[in-house]
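*Asks:* return a 3D structure for these sequence lines:
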Amino acid sequence: MFLTEIQIAAVGDLMVKRYIISDAKLPNGTYLFDPLLKKVAPYLKRADLTIGNLETTFAGKKGRARQKSNGPLFKCPDELAPALKRAGFDVLITANNHCMDFGTEGMLRTLRILDQNGIHHTGTFNSVKGSKEYLIKEIKGIKIGILSYTNGLNGIPIPTSKPWMVNRVQTKKIVQDIHNLKKNVDLAIVYLHFGNEYSHSPNLQQKQLVKLLFKHGANIILGSHPHVLQPLTTRGKKQFVIYSLGNFISTKLKNNQYTQNSIILNMNVKKDEEGKISISGIHCIPTLVHRKLNNGRKTTEVIPIREALSENNPKLNANQRERMKKMVEHSIKILKGI
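*Replies:* Numbering: from 1, shown residues only. Got it, this is the predicted structure:
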């Protein structure tokens, strides 16, 4: 008999790039990001715990890149943070290859903005003490620990005197963190920024690392970085992995339409009278980043595809409907590993 049950929702990369920022700008120079998430917010709020990967920074208007990067540099107006909070995000992952785009100052300012808006975060830290403290949330009697790590930083170095600032994918550390965390929680979630960009298949390193972390007690492993969906699989009733959640918010990357196709992943976690945990009710809501012209103004929004198709919306033409149907079919195929 189950004593308590909660629902966890997870999404992938939140990459709020230039035209998305431009679409959110108001005539007075401020920004409103709520319309971007209006249609998916009910799904995000429905869960007891909602997690996403913040693949941008709040480096501020004066934020400047301090190092050469192997990739583009991302920063976003501060107004995004309260919009994410209002949309239902409880925890944001900050360990990814863009977290140091604007140096130590940009990374630390990002954490301050998240703190000011009441959003929990993990993966990057502002102190040695903070880096040793695990993010633990207790919901309805279930204690959940969340860890996060990134495979790279686009060639931007972490200060040699402060290696603790960013959690890197280092097997020994992750295993030790899981062992330490499991002493104090019922459920261990590990969010990994790893894999090959634009690949729908996990690589050997991903598979080997997931296998190892399952062996050492990880319950839920969530992947990001490829910018497209990768398969999900369960291991018994206590372990689950999705190798990549794709881009929840993004412009089209490398002219690849699937970089704007993602999911809201839902799962139920139950705890019985003996304290044993089980994972069930895994359900995926396919999403799409959609840009449209509204009263002469371009707007970007993340839409739940099935809901959009079920509505009798005259603004969706036949080509758009066909594209959305193919996105759903594609999502199902990739998630099943077909």
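*Asks:* secondary structure class for Pro77?
*Replies:* Three-state call for Pro77 (DSSP: H, G, I helix; E, B strand; the rest coil): coil.
*Asks:* pretty sure it contacts Tyr31?
*Replies:* Yes: with contacts counted by CB atoms under 8 Å, Pro77 reaches Tyr31, the gap being 4.5 Å. (C-beta placed from N, C-alpha, C; glycine too.)
*Asks:* by contact count, what packs against the helix or strand where His121 lies?
*Replies:* Here His121 sits within strand 120-122, counting by DSSP states H and E. If contacts are counted by 3 or more CB pairs under 8 Å, 6 or more residues apart in numbering; DSSP states H and E, strand 120-122 sits against strand 91-93, helix 103-116, strand 135-139, strand 142-150.
*Asks:* between strand 135-139 and the last one, find me the angle.
*Replies:* Spelled out, that is strand 142-150. Strand 142-150 and strand 135-139 are oriented at 150 degrees to each other (axes from the mean of the first three to the mean of the last three CA atoms, to 10 degrees).
*Asks:* please state the offset of stretch 120-127 from the chain centre?
*Replies:* A distance of 15 Å separates the centroid of the chain from that of stretch 120-127, by CA atoms, centre = their mean, to the nearest Å.
*Asks:* how about stretch 223-238?
*Replies:* On the basis of CA atoms, centre = their mean, stretch 223-238 sits 12 Å off its chain's mean C-alpha point.
*Asks:* how far does it stretch from one end to the other?
*Replies:* Taking CA to CA, to the nearest Å, stretch 223-238 runs 18 Å from one end to the other.
*Asks:* got the buried residues for it?
*Replies:* Gly223, Ser224, His225, Pro226, His227, Val228, Leu229, Gln230, Pro231, Leu232, Lys238 (16 or more other CB atoms under 10 Å).
*Asks:* give me the low-pLDDT residue ranges for the stretch 1-150 of the chain?
*Replies:* In the predicted model of the stretch 1-150 of the chain, residues 1-2, 63-68 satisfy pLDDT under 70.
*Asks:* try it again at 80.
*Replies:* For the stretch 1-150 of the chain, the stretches with pLDDT under 80 are 1-2, 62-71.
*Asks:* before we move on, the earlier item: who wins for proximity to Gly275 among the helices and strands packed on strand 120-122?
*Replies:* Closest approach to Gly275 among the helices and strands packed on strand 120-122 is made by strand 142-150 (9.8 Å; CB to CB).
*Asks:* list the strands paired with the strand holding His121, with their directions.
*Replies:* strand 91-93 (parallel) (DSSP bridges).
*Asks:* what does the strand it pairs with contact?
*Replies:* With CB atoms under 8 Å, 6 or more residues apart in numbering as the test, strand 91-93 has contacts from 14, 49-54, 84, 114, 119-123, 135, 137, 146, 148, 191, 193, 224.
*Asks:* so Asn313: helix, strand or coil?
*Replies:* Of the three states, Asn313 takes coil according to three-state DSSP.
*Asks:* Asp23 too?
*Replies:* Quick answer, by three-state DSSP: Asp23 is helix.
*Asks:* give me the number of neighbouring residues for the nearest residue to it once chain neighbours are set aside.
*Replies:* Spatial nearest neighbour of Asp23, chain neighbours left out: Thr300 (4.7 Å); criterion: CB to CB, 6 or more residues apart in numbering. By other CB atoms under 10 Å, the residues close to Thr300 number 23.
*Asks:* A strand includes Thr300, no?
*Replies:* Yes: the assignment for Thr300 is a strand, going by three-state DSSP.
*Asks:* now do the same contact list for Val228.
*Replies:* With the criterion set at CB under 8 Å, 6+ apart, Val228 makes contact with Tyr198, Ser199, His200, Ser244, Gly246, Asn247, Asn256, Tyr258, Thr259, Asn261, Ile334.
*Asks:* hang on, the first one packs against Gln257?
*Replies:* No: checked against CB under 8 Å, the pair Tyr198 and Gln257 is beyond contact range at 11.5 Å.
*Asks:* go through the helices and strands packed on strand 120-122 and pick out the most buried.
*Replies:* Compared across these, strand 91-93 shows the largest average neighbour count, a mean of 26 (mean count of other CB atoms under 10 Å).
*Asks:* how distant is it from the center of its chain?
*Replies:* Between the centre of strand 91-93 and the centre of its chain there are 7 Å (CA atoms, centre = their mean).
*Asks:* before we move on, the earlier item: pretty sure the residue nearest to Asp23 is in contact with Val289, am I right?
*Replies:* Yes: counting by CB under 8 Å, Thr300 touches Val289, with 6.5 Å between them.
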